[in-house]
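> Need the 3D shape of this:
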Amino acid sequence: MTTRVTRRLAVLLMILVAPIALLAGCKKSDSSSSAAPSSAAVSTSQSGSAPSGSATDCPTSNTTSFAKTKFVAHSGLAFGAFHRYLYKPYRAGTFTKGADGRLTAFAKGGLAALFIKREIRLASEDVKANPTLCRAIAAPLARIGDTVQAAFDKVKSGDASGIDGVESAITSVSSSSKKDGVDITENDNPDLNSAPS
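Down below sits the predicted model:
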């Protein structure tokens, strides 16, 4: 009984502390990336208007060094976290009432949703710095970042349709990226408590 209470307290502590650490990391990254040439486009997309990813919004040449490499790293972390902490538990039924490990799955899933949103935002900045990727996947990638938290919130109320939608969007972005010669390798062991930039 005592170990069960201790475990629940540890999970509760993780739920409370980890999002604060992630948000602090996001604010630090936002201030350091404000000097980037594509920051105006990024702030426009984060203010609520949907990024169009049209040819007029995309650069004619790379505006950031190693944009493709950074995109692969950030999207690999986001997609790996999604599959490990949201999609696989959903497919295994861990989010259903009465399932063993449900509380832990929700704690990790909530933290993963924040992590995924952040990594997708960073990947989107890199995509907007590369003309080929920008035209092909800027809009679908931004939709993943916009919908992952809502999908997780739906799972908490028993509706898993959002998880399938995010999975479909990830598959679409991965295949479009691969067609353009940029193969995304998922990192299914992301450190959700870290704040990589």
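> Contact partners for residue 80?
186, 187, 188, 189, 190 (Cβ atoms under 8 Å, 6 or more residues apart in numbering). (Each C-beta comes from the backbone N, C-alpha and C, glycine too.)
> And the pLDDT for it?
If you check residue 80, the pLDDT there is 95.
> That one and residue 180, how far apart?
20 Å (Cβ to Cβ, to the nearest Å).
> my read: residue 178 touches residue 185, true?
No. The criterion here is Cβ atoms under 8 Å, and residue 178 misses it with residue 185 at 10.8 Å.
> before we move on, back to that, of the contacts of residue 80, which is the most crowded?
residue 190 (22 neighbours; other Cβ atoms under 10 Å).
> for this structure, what helix or strand is lowest in average pLDDT?
helix 39-46 (a mean of 37; mean pLDDT, DSSP states H and E).
> and the closest residue in space to residue 101 that isn't next to it in sequence, how many neighbours?
Excluding the flanking residues, the one nearest residue 101 by Cβ to Cβ, 6 or more residues apart in numbering is residue 94, at 5.7 Å. Neighbour count of residue 94, defined by other Cβ under 10 Å: 17.
> my guess is residue 94 meets residue 103, correct?
No. Contact criterion Cβ under 8 Å: residue 94 and residue 103 do not qualify, at 10.0 Å.
> who's in contact with the residue nearest to residue 102 when sequence neighbours are not counted?
Nearest residue to residue 102, sequence neighbours excluded (Cβ to Cβ, 6+ apart): residue 94, at 6.1 Å. Neighbouring residues of residue 94 by Cβ under 8 Å, 6+ apart: 100, 101, 102, 105.
> Could I get the contacts of residue 80 in TSV, plus columns for secondary structure and distance to residue 64?
TSV is the format used below for the contacts of residue 80 (DSSP: H, G, I helix; E, B strand; the rest coil; distance: Cβ to Cβ, whole Å):
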residue	secondary structure	distance to residue 64
186	coil	23
187	coil	21
188	coil	27
189	coil	27
190	coil	22
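> In JSON lines: these, plus distance to residue 137 and pLDDT.
Output for the contacts of residue 80, formatted as JSON lines (distance: Cβ to Cβ, whole Å; pLDDT from 0 to 100):
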{"residue": "186", "distance to residue 137": "16", "pLDDT": "92"}
{"residue": "187", "distance to residue 137": "18", "pLDDT": "91"}
{"residue": "188", "distance to residue 137": "21", "pLDDT": "83"}
{"residue": "189", "distance to residue 137": "24", "pLDDT": "86"}
{"residue": "190", "distance to residue 137": "20", "pLDDT": "84"}
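> low-scoring stretches of the chain, by residue?
Where the chain drops to pLDDT under 70, the residues are 1-56, 194-197.
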